[in-house]
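Asker: Okay, here's the prediction I keep looking at, along with the sequence it came from:
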Amino acid sequence: MDKKINNHELGELCLLAGKIMLESGAETYRVQDTMMRIASSFGIRSSNSYVTPTGIVFSLCGTEQTKLAQISKRSTDLYKVIIVNSISRKISSGEISAAEAYSTLRKIEKGNPKYPIYIKILAASIVSGFSIVVFNGEWNDFFPAFLAGGAGFLCVSYIHHLVDLKFFTEFFAALIVGLMSYFFKYIGFGENLPNIIVASIMPLVPGLLITNAVRDLMAGHLVSGLSKGAEASLTAFAIGAGVAVVFSLFN
């Protein structure tokens, strides 16, 4: 592997890898570990990083190069996290040069290797439908939950492009889920309204955020853990508020 890389280029490489991971839903400790491992592969044994959900500060000790990256958007894309981890391991083992790694990371950042929207909606529908079974519901409620869950996820996908506020996106999605569930119950298509609603909102539940918040708190990353916990709580409140509006209107 070509070790000829200046500190500025190395800082940019480490920061780009961390930025992609943090935007894709990686844990704080994983982002820090990846950046420090990349720096270590090029002979920097004592790099420093400070990572929060909204920004990364990275410094190569012994130099004046301190980098800052602002994180303005966050999503869940574990495929990108896996790719960046793979690149980090290839750098450590000498299978890839710094220039190749940076070029690949740039393509990952600009590219969109996500699944098509119809695949996501289908997956959300399947999760919602089979959640009925998990909650010991009746198979008669499978298709109502299947349809309502898919509609809720579709709502999240498209409203997010119109309103760049996650709270309102989750609120309206939960509202749609509640209205559809009540409609199915009203026309006799479904039987157990609470089970249908709970199963249908499962794709909206911030499970990864909650997991990462607890993991960061346990690892001592208090700022990241608390901020992610607050974001997860706000999302859960938005979902609950959307469902509560439906119950307040029809009960």
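Answerer: Everything's here; your move.
Asker: just how off-centre is stretch 43-60 within its chain?
Answerer: Put simply, stretch 43-60 sits 21 Å off its chain's centre (Cα atoms, centre = their mean, to the nearest Å).
Asker: Please tell me I have it right and residue 177 contacts residue 151.
Answerer: Yes. The pair residue 177 and residue 151 passes the contact test of Cβ atoms under 8 Å, sitting 6.9 Å apart. Backbone N, C-alpha and C define where each C-beta goes, glycine included.
Asker: more crowded one of these two?
Answerer: Counted by other Cβ atoms under 10 Å, residue 177 and residue 151 do not tie: residue 177 has more neighbours, with 32 against 21.
Asker: Leaving out sequence neighbours, find the closest residue to that one.
Answerer: Using Cβ to Cβ, 6 or more residues apart in numbering and skipping the chain neighbours, the partner closest in space to residue 177 is residue 152 (4.0 Å).
Asker: Need the per-residue pLDDT for the one you found.
Answerer: Model confidence at residue 152, given as pLDDT, is 90.
Asker: wait, what's in contact with it?
Answerer: With contact set as Cβ atoms under 8 Å, 6 or more residues apart in numbering, residue 152 has these partners: 124, 128, 173-174, 176-177, 180, 200-201, 203-204.
Asker: Just the element for residue 32, please.
Answerer: helix 28-41 (DSSP states H and E).
Asker: Show me what that helix is packed up against.
Answerer: Packed against helix 28-41 by the contact rule (3 or more Cβ pairs under 8 Å, 6 or more residues apart in numbering; DSSP states H and E) you find helix 7-23, strand 48-52, strand 55-59, helix 78-93, helix 207-218.
Asker: Including mean neighbour count, could the ones you listed go into TSV?
Answerer: Putting the helices and strands packed on helix 28-41 into TSV (neighbours: other Cβ atoms under 10 Å) gives the following:
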stretch	mean neighbour count
helix 7-23	22
strand 48-52	18
strand 55-59	19
helix 78-93	17
helix 207-218	18
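Asker: closest one to residue 242 among these?
Answerer: Each of the helices and strands packed on helix 28-41 was checked against residue 242 via Cβ to Cβ, and the shortest separation belongs to helix 207-218, namely 17.6 Å.
Asker: got the contact list for that closest one?
Answerer: Outside of helix 207-218, the residues that reach it under the criterion Cβ under 8 Å, 6+ apart are 25, 27-29, 76, 222, 224-226, 228-229, 231-232, 235.
Asker: How is the chain partitioned into domains?
Answerer: Following automatic domain parsing, one gets these domains for the chain: 7-110, 117-250.
Asker: what are the ranges of the helices in the stretch 151-251 of the chain?
Answerer: In the stretch 151-251 of the chain, the segments counted as helices under DSSP state H, counting those that start in this stretch are 166-186, 193-200, 207-218, 222-250.
Asker: Out of those helices, which one sits most buried?
Answerer: Burial of the helices of the stretch 151-251 of the chain is given as mean neighbour count (mean count of other Cβ atoms under 10 Å); helix 193-200 ranks first at a mean of 25.
Asker: Who are the packing partners of that one?
Answerer: Contact here means 3+ Cβ pairs under 8 Å, 6+ apart; on that basis helix 193-200 packs against helix 117-134, helix 142-162, helix 166-186.
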